[in-house]
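Engineer: Give me a 3D structure for the following:
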Amino acid sequence: DTGTASALPVTMISRPSIACSASGCATCMLVVIAGLALQIAIVHVDASSLALHSSRVNRQRYPFGLSSAACNEILKTIPRGGAKSITPLPPPVDEEAAAEADRAASVKSAFDPENPPSPPESQSQPAPPAATTAVEAAQAPPLTADHTKNLSAKLSNAWERTVPAVLMLAAATALLKFTGTAGLTVLIFALQIGMYHEATSVIEQFHINSDPGSLELKKMSLIDNIEKWWWFATVILGTSGRSVLMNSSYSGIGEAAIDLVVYGMAAIGLVVAVLGMEAHSRSGPLMFRNYLGGVAGCHFVLLFLVGQSSYWIKTVQEFGLSWVLYPALLVIVNDTMAYVFGLTMGKHKLLPRLSPKKTVEGFAGALLSTVGISIPLLRWVLGKSIAETDSKMYAKLALTLGVFISLVSPFGGFLASAVKRAHGAKDFGKLIPGHGGVVDRFDCQIVTAPFVFLLLKFSGVAGVTAEAAAA
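Structural biologist: Numbering: from 1, shown residues only. Next up, the predicted model:
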């Protein structure tokens, strides 16, 4: 029998073909008693709910503040078919029983077609009931409190971001003041190592989490790390290391020798990568896909982070330290003003899926601010080195950099956000409080580095000598 649950015990007993033992009958009786008790409880609950509902209905006030009995008495006095139009009256303010007769007379006249009432001149529409207004007021969210809370959180976040940024800027200024180009070169190498480690770790952790119980994946992680850093050394030698060695008077290594060594390292890396694919493919398709994903992520990081950041060294060697500091300051101005305008005026999301905190208002405000300060900031950084005859050229360079940094450089940050979201990470690291990791802080700076060098070469800006660059 597939009947309802409440009818199941009765059906089981009523069948004559069922032969029950003593224990079986006792079980059936217990089931029947339990079912009856459940039915009684349901009926009791339904009766209690009905009584409660009836009491609420009896206590409910009908339209115009009248009770059900008063409304029935009014309806009895109105002839059938006589109510063709009903004009609502404003709700009574006084709920006293003494005024109920007056309200009944008003309702009766409203239902009477021969004597329709006219609404007061000062009231063109009926006002909402006082009780409804009170309920709506009680249910309305405390907008002022929420706004104050959100503003406090944003200000706290701004303070948390500002203090580390000021400390980093002060430390970089002190480093460059006492060490010059050599200190900047060491700093760039350190940043490249940190960015490469952070980005590849996020990608690797994502693939490890996809199969956390795999012992083979953990055994191969050491070999994969060696391969990963081998590729890093290959790219560093071919980019930043090449620039340093070629401009050093102590290396004694020719350009052809560097190219041959870099190509040999790349060839070895290719052989090891293919052998790694063979080894990982034997462990199943998941291991193979994870390995290929790690290799692809590794080369993407090398191209986007290490390759582009190497132009910092080329720029400082050919054009001096000022042309590295000036674009860096412009990026800081752009990032800061985007945050300020987004905090105060931001309403429309720019890329809600990739970077939810970025707004159109912040992007536009940062563009105006960066372009507006580009020329005065360049004059302050370069100082007396700008000749009067070249002032127009430097002004064009400043405006060009300001526009590029405002329109293109932020997309380096958007790309970094896309990588983080694709691999389930909030930040690339925790080195810098309020900012995350090194990549989180320098993602926009990296996109700017190649453009600065190429723009200076194209514009014919006078380079600096080796002695001046070293100073």
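Engineer: who touches the closest residue to Pro410 other than its chain neighbours in this structure?
Structural biologist: Once flanking residues are discounted, Pro410 sits nearest to Cys444: 6.0 Å by Cβ to Cβ, 6 or more residues apart in numbering. Quick note: C-beta positions are derived from backbone N, CA and C, even for glycine. By Cβ atoms under 8 Å, 6 or more residues apart in numbering, the contact set of Cys444 is Val331, Asn334, Asp335, Ile405, Ser409, Pro410, Gly412, Gly413.
Engineer: Also Thr234?
Structural biologist: Counting by Cβ under 8 Å, 6+ apart, Thr234 touches Val262, Met265, Ala266, Gly269.
Engineer: Surely Leu321 is in contact with Thr179?
Structural biologist: No: counting by Cβ atoms under 8 Å, Leu321 does not reach Thr179; the two are 10.6 Å apart.
Engineer: out of the contacts of Cys444, who's nearest Thr200?
Structural biologist: Thr200 has its nearest neighbour among the contacts of Cys444 in Gly412, at 17.7 Å by Cβ to Cβ.
Engineer: Does that closest one fall in a helix, a strand, or a coil region?
Structural biologist: helix (DSSP: H, G, I helix; E, B strand; the rest coil).
Engineer: Quick check: closest non-adjacent residue to it.
Structural biologist: Nearest non-adjacent residue to Gly412, counting by Cβ to Cβ, 6+ apart: Val447, 3.6 Å away.
Engineer: re earlier: neighbour count: Leu321 and Thr179, which is higher?
Structural biologist: Leu321 (20 against 13; other Cβ atoms under 10 Å).
Engineer: Show the contacting residues for that one.
Structural biologist: By Cβ under 8 Å, 6+ apart, the contact list for Leu321 reads Leu176, Gly180, Thr181, Leu184, Ala469.
Engineer: Now do it against Leu175, distance only.
Structural biologist: Applying Cβ to Cβ, to the nearest Å, the value for Leu321 to Leu175 is 11 Å.
Engineer: picking that back up, CSV for the contacts of Leu321, including distance to Phe232?
Structural biologist: As requested, those are exported to CSV (distance: Cβ to Cβ, whole Å):
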residue, distance to Phe232
Leu176, 25
Gly180, 26
Thr181, 23
Leu184, 20
Ala469, 26
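Engineer: any chance of those in TSV, with secondary structure, neighbour count and distance to Thr400 too?
Structural biologist: TSV is the format used below for these (DSSP: H, G, I helix; E, B strand; the rest coil; neighbours: other Cβ atoms under 10 Å; distance: Cβ to Cβ, whole Å):
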residue	secondary structure	neighbour count	distance to Thr400
Leu176	helix	17	25
Gly180	helix	15	27
Thr181	helix	21	25
Leu184	helix	19	24
Ala469	helix	17	23
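Engineer: Between the residues you listed, which sits nearest Asp440?
Structural biologist: Closest to Asp440, out of all of those and judged by Cβ to Cβ, is Leu184, at 21.0 Å.
Engineer: can you pull the contacts of that closest one?
Structural biologist: If you count contacts by Cβ under 8 Å, 6+ apart, then Leu184 has Leu175, Leu176, Trp312, Val316, Leu321, Val324 around it.
Engineer: of all these, which comes closest to Glu227?
Structural biologist: Among the contacts of Leu184, and counting by Cβ to Cβ, the member closest to Glu227 is Trp312, at 26.6 Å.
Engineer: helices or strands up against the strand or helix carrying the closest one?
Structural biologist: For Trp312, the element it lies in under DSSP states H and E is helix 311-319. Contacts defined by 3 or more Cβ pairs under 8 Å, 6 or more residues apart in numbering; DSSP states H and E place helix 311-319 against helix 143-210, helix 240-246, helix 322-345, helix 438-459, helix 466-470.
Engineer: repeat that with 6 Å
Structural biologist: helix 143-210, helix 240-246, helix 322-345, helix 438-459 (3 or more Cβ pairs under 6 Å, 6 or more residues apart in numbering; DSSP states H and E).
Engineer: What are the buried residues along that helix?
Structural biologist: For helix 311-319, the neighbour count (16 or more other Cβ atoms under 10 Å) marks Tyr311, Trp312, Ile313, Lys314, Thr315, Val316, Gln317, Glu318, Phe319 as buried.
Engineer: just checking, the fourth one touches Ser243?
Structural biologist: Yes: counting by Cβ atoms under 6 Å, a contact exists between Lys314 and Ser243, whose distance comes to 5.3 Å.
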